[in-house]
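Enquirer: Here is my input; please provide its structure:
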Amino acid sequence: MAKENKPVASESRQDTVPFSNINYILFAVGLCIITAGWFLLRSGHISISPIMLILGYCVVIPVAIILKPSEKKEKK
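Expert: As a prediction, the model looks like this:
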């Protein structure tokens, strides 16, 4: 029996970038919030620093990872 050659899945799939500029911007904002939270924690601000750390780690960074880039629809 001869094996049939099947097309490779990567040939039919369009190459897309998994992250867009907004993802990278949100990730950078999350890192800035986390860094500021650690500096505030070190300086003794125990009221706002945990809020900033939780906001950075649990909200901004996951949103930056989960957010899908918008697909531009081309008119044919």
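Enquirer: Dump the top helix by length along the chain to CSV, restricted to CA.
Expert: In the chain, with assignment by DSSP state H, the single longest helix is helix 21-43. Listed next in CSV are the C-alpha coordinates belonging to helix 21-43 (Å, rounded to 0.1, in the frame of the first residue of the first chain):
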residue,chain,number,x,y,z
ASN,A,21,1.4,46.3,19.9
ILE,A,22,-1.4,46.7,22.5
ASN,A,23,-0.4,43.5,24.1
TYR,A,24,3.2,44.7,24.5
ILE,A,25,2.1,48.1,25.8
LEU,A,26,-0.2,46.5,28.4
PHE,A,27,2.6,44.1,29.4
ALA,A,28,5.0,47.1,29.9
VAL,A,29,2.3,49.0,31.9
GLY,A,30,1.8,45.9,34.1
LEU,A,31,5.6,45.6,34.7
CYS,A,32,5.7,49.3,35.6
ILE,A,33,2.8,48.9,38.0
ILE,A,34,4.5,45.9,39.6
THR,A,35,7.8,47.7,39.9
ALA,A,36,6.2,50.8,41.4
GLY,A,37,4.3,48.5,43.9
TRP,A,38,7.6,46.9,45.0
PHE,A,39,9.3,50.2,45.5
LEU,A,40,6.3,51.5,47.5
LEU,A,41,6.3,48.4,49.6
ARG,A,42,10.0,48.8,50.3
SER,A,43,9.5,52.5,51.3
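Enquirer: For it, which helices and strands make contact with it?
Expert: Applying 3 or more Cβ pairs under 8 Å, 6 or more residues apart in numbering; DSSP states H and E, one finds that helix 21-43 contacts helix 49-55, helix 61-66. Heads up, the C-betas are built off the backbone N, CA and C, glycines and all.
Enquirer: Can you tell me which of those helices is nearest to F27?
Expert: helix 61-66 (4.2 Å; Cβ to Cβ).
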